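# Sequence first, then the predicted structure:
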Amino acid sequence: MKIILKQVTLLNPEQKLNEKNDLLIVDGIIKKIGNVKEEDFKESKIFEFENKICSPGFFDMHVHFREPGREDEETIESGSNAAAAGGFTGVACMPNTNPDIDSAEIVRFIKEKAKNHLVDVYPVGAATLARKGEALSPMYELFEAGAVAFSDDGVAIKNSGVLRNALEYSRHFGTPIIEHCEDESFSDGAMNEGLTSTMLGLQGIPNVAEDLIVMRDIIMSEFIGGKIHIAHISTKGAVEMVRQAKKRGAKVTAETTPHHFTLTDDSVKTYDTNYKMSPPLRSSEDVAAIIEGLSDGTIDCIASDHAPHAIEEKEMEFIFAPNGILGLETQLGLVLSELFHKKHLTLPQVVEKLAVNPRKILNIRIPDIKEGDAANLTIFDPNLIWTVDVSKFKSKAKNSPFDKRLMNGKAVAVINNSCMFFEDKFFSI
Amino acid sequence: MSLSNKHLLGLQNVPKEDIQLILDTARTFREVLERPIKKVPTLQGKTIVNLFYENSTRTRISFELAQKRLSADTINFSTSTSSAKKGETFKDTVRNIEAMKVDMIVVRHQSAGVPQYLTRISNANIINAGDGLHEHPTQGLLDMYSIHERLGKLEGLNICIVGDIAHSRVALSNIFGLKTMGANVSVCGPATMIPLGIESLGIKIFSNVDDAIAKNDVLNVLRIQLERNAGTRIPSLREYHKYFGITSERIEKNNKEIVILHPGPINRGVELSSEVADGPYQVILDQVTNGVAVRMAVLYLLGTMH
């Protein structure tokens, strides 16, 4: 099948590409950029994408698809549909499933389930067996089966000696260790520690709970020479430590989430459990530091930490509710509304944070926009104003604090694996 | 005169007029409690559920007595396990109870925010009887009533709350209520028990209990709650008593005019010596009596609102 994206702005900072042109895609392969002939127009399905941006497909390196284990909350299929609707063509899914992704069988199971979908799903293996922080998982086997990184996500690797071994062992295949940085001796809190937690009578989790583990991990990474990736960075102190470590040449990278650059702990005031996550929403000072870290490149990429939960589990007494919120279908809207329109990031920087850097961190090839290459593309409109409606989400879960929020900017279409998602439908191209 | 809100979730943001109205109304009911027949027909026909998700003896009995003396029908629902563990969600439990047509819910829960959540899922008047580490407004009100009863005013008084401020719902309700009524509120306790950012509410911190006694008109001494893990924040009860316990010697050395409150139950020999707990400075049993009157006032004012 032939399709033409007409007069779309092609944007890929990796290729220094930023031009408005026609794009001819035949059977999922980019055939022509510009110079599209009259006869091609006649035979093709035309998409009028003037004033839309076309970049390499976006990649979310931190999602929780609850399969295997909690298919009532999210499956690999429903999660992948949510990813496509949010403008993503690839995701890395975290290992805290049930059972954990700590065996090659589970990696293969996920790859098998994800086959034949527009969205590519890359499993992140558990760093230790059952993420207990004791014995290393069979990392080599997991890597061979398709794991792109290792993490005990949900918690940090408990024991510094085990972290050392994981970092050393993973050097064999160059994958990063992704760390959920939280010192568990502080983790009995339900929200950020500060005046707000005092006023609400909720036990707080101080910034140092994160800072201490970020410091440990950077020190260990510099000692071993292994790659550390800091997941969902949320504190001013952690951003500064990553900044300094990068200046020294440490192999440390970092991601943050849309809620950590959009919301503060003030939101918890209604005791709405959709504002309960780990790490917790922090102060406005932390939010400012995160935005600065995104602008100056300290924070490499943005990831959603998409965490679906059943309604009855989230709609609960605040201290008993589980952590986490949906992210895939609101992420791009928040990046564009809060970072691009507020002039903290340029559009090329947005593409770097959402498409280029996550793949670099995980050693996944960055799709080029060039003739002869398979089309792996996200088309988005940075000026489309829309209102979030969780009832229309592709995700099985509905736990989002952003329902009814007005956003400026949205994905229009995604293309990958000879498949396109446009106007709420998947179809082969 | 009526209250400005149909619920009593906490004393934060409750206007002065409302607090004054509750205290004035309580004075009337306090008088009723001295009569040979201590019952009035005010809430006849109203159904009140006491929903207690956490162990409580005196607060529940106090509410129950207040309800009975107002002639309301009362039902007690007490459980120490969370509904989640039983498989029924909290919301379902509440919906079920409400389906039985109740007018008011008095709730105690180990999670902060539950009373506020109840207002979203129920049409009943909600009264907070203690939520997590957040608020315990009727305790704050009865403390204010008792201080006023002894000293004739609240405005301008220097009142210090002593103990584990960070893990006390009594402390926050006292702070919010007393500040609204114009008192100068301070706190005193080990540094591990002082909540973050409390100074920004205009609260002075005493790190020395002798200073706190010398410079205040009232001490509200909190219970050291071992059940709330207080043991990890102090080396031992012995050491706590040595440096922060209120004893007769300390009072006699620093300020013989002081009034001592305690929400109970008392750990004798920890936060208060037995001499002080039974001595002339304390109003502890008055607080208990006043508690019934204050709760009658709250139930009456909310139960007769239109």
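Thanks, I have the structure now.

# Next, give phi and psi for A:Phe320.
phi -100, psi -10 (degrees, to the nearest 10).

# For chain B, see how far away it is.
A:Phe320 sits 6 Å away from chain B, going by Cβ to the nearest Cβ, to the nearest Å. Quick note: C-beta positions are derived from backbone N, CA and C, even for glycine.

# tell me which parts of the stretch 51-200 of chain A are close to chain B?
Residues of the stretch 51-200 of chain A lying near chain B by Cβ under 8 Å from any Cβ of the partner chain: A:Glu193, A:Gly194, A:Leu195, A:Ser197, A:Thr198, A:Met199, A:Leu200.

# among those residues, who's most crowded?
Within those, A:Leu200 tops the neighbour count with 28 neighbours, counted by other Cβ atoms under 10 Å in any protein chain shown.

# Of all the residues in the stretch 301-429 of chain A, which one is nearest chain B?
A:Glu317 (3.7 Å; Cβ to the nearest Cβ).

# Number of residues surrounding the spatially closest residue to that residue that is not a sequence neighbour?
Nearest in space to A:Glu317, with sequence neighbours left out and distances taken as Cβ to Cβ, 6 or more residues apart in numbering or on different chains, is B:Ser111 at 3.7 Å. Residues lying near B:Ser111 (other Cβ under 10 Å) number 24.

# if I pick B:Ser111, what's in contact with it?
Contact partners of B:Ser111, counting by Cβ atoms under 8 Å, 6 or more residues apart in numbering or on different chains, are A:Glu317, A:Phe318, A:Ile319, A:Phe320, B:Asp131, B:Gly132.

# Let me see the mean pLDDT of the lengthiest helix in chain B.
If you go by DSSP state H, chain B has its longest helix at helix B:284-303. What helix B:284-303 shows for mean pLDDT is 97.

# buried set for that helix?
Residues B:284, B:286-303 are the ones in helix B:284-303 that count as buried (16 or more other Cβ atoms under 10 Å in any protein chain shown).

# so what pLDDT did the residue of the stretch 301-429 of chain A closest to chain B get?
pLDDT, A:Glu317: 92.

# Return the closest of the contacts of B:Ser111 with respect to B:Ala183.
B:Asp131 (23.5 Å; Cβ to Cβ).

# Number of residues surrounding that closest one?
Each residue near B:Asp131 was counted by other Cβ under 10 Å, and the total is 31.

# I figured it was touching A:Leu202, is that so?
No: in this structure, B:Asp131 is not within contact of A:Leu202 by Cβ atoms under 8 Å, at 10.1 Å.

# Residues that sit against both of the two, list them.
With Cβ under 8 Å, 6+ apart as the test, B:Asp131 and A:Leu202 both reach B:Ala112, B:Gly113.

# which SSE is A:Ile4 in?
strand A:2-12 (DSSP states H and E).

# Could you list every helix and strand in contact with the helix or strand following that strand?
Sequence order places strand A:17-26 as the next helix or strand after strand A:2-12, per DSSP H and E. Other helices and strands packing on strand A:17-26, by 3 or more Cβ pairs under 8 Å, 6 or more residues apart in numbering or on different chains; DSSP states H and E, are strand A:2-12, strand A:29-33.

# Now do A:Glu182 against A:Ala156, distance only.
To A:Ala156, A:Glu182 is 6 Å away according to Cβ to Cβ, to the nearest Å.

# Can you pick out the residue with more neighbours from those two?
A count of neighbours by other Cβ under 10 Å puts A:Ala156 above the other of A:Glu182 and A:Ala156, at 26 against 23.

# Who's the closest spatial neighbour of the residue in the stretch 201-350 of chain A positioned nearest to chain B, skipping the chain neighbours?
Closest contact between the stretch 201-350 of chain A and chain B, by Cβ to the nearest Cβ, is at A:Gly201 (2.5 Å). With Cβ to Cβ, 6+ apart as the criterion, A:Gly201 has its nearest non-adjacent residue at 2.5 Å, and that residue is B:His134.

# Check A:Asn81 too.
Nearest to A:Asn81 is A:Lys394, by Cβ to Cβ, 6+ apart, at 3.9 Å.

# Shouldn't the one you found be within a strand?
No: under DSSP: H, G, I helix; E, B strand; the rest coil, A:Lys394 sits outside any strand and is assigned coil.

# Next up, phi/psi of it, please.
According to degrees, to the nearest 10, A:Lys394 has phi -80, psi -30.

# OK, contacts around it?
So A:Lys394 contacts A:Ser78, A:Asn81, A:Ala82, A:Ala84, A:Ala85, A:Glu329 (Cβ under 8 Å, 6+ apart).

# cutoff 7 Å now
A:Ser78, A:Asn81, A:Ala82, A:Ala85, A:Glu329 (Cβ atoms under 7 Å, 6 or more residues apart in numbering or on different chains).

# between these, which is nearest A:Lys52?
Nearest to A:Lys52 among those, with distances taken as Cβ to Cβ, is A:Ala85, at 16.4 Å.

# which helices and strands does whichever helix or strand that closest one is part of pack with?
In the assignment (DSSP H and E), A:Ala85 maps to helix A:76-86. Here helix A:76-86 touches helix A:104-114, going by 3 or more Cβ pairs under 7 Å, 6 or more residues apart in numbering or on different chains; DSSP states H and E.

# Neighbours of A:Lys132, how many?
A:Lys132: 16 neighbours (other Cβ under 10 Å).

# could you pull out the helices for chain A?
With DSSP H as the criterion, chain A has helices spanning A:38-43, A:76-86, A:104-114, A:139-145, A:160-170, A:195-200, A:207-224, A:236-247, A:258-262, A:284-295, A:311-314, A:331-334, A:347-351, A:357-361.

# cool, and chain B?
Going by DSSP H, chain B shows helices at B:16-32, B:58-69, B:83-86, B:90-99, B:114-121, B:137-151, B:169-180, B:209-214, B:237-244, B:248-254, B:274-278, B:284-303.

# Could you identify which of the ones you listed has the lowest mean pLDDT?
Minimum mean pLDDT among these: helix B:83-86, a mean of 60.

# Kindly provide the distance from the residue in chain B that chain A sits nearest to to A:Leu202.
In chain B, the residue that lies nearest chain A is B:His134 (2.5 Å; Cβ to the nearest Cβ). Per Cβ to Cβ, B:His134 is found 7 Å from A:Leu202.

# Residues that sit against both of those two, list them.
B:Ala112.

# any idea of the pLDDT on the closest residue to A:His62 other than its chain neighbours?
With Cβ to Cβ, 6+ apart as the criterion, A:His62 has its nearest non-adjacent residue at 3.6 Å, and that residue is A:Ala303. Looking at A:Ala303, its pLDDT is 98.

# Thought A:His64 was touching A:Ala303, still the case?
No: look at A:Ala303 against A:His64 with Cβ atoms under 7 Å: they stay out of range, at 11.1 Å.
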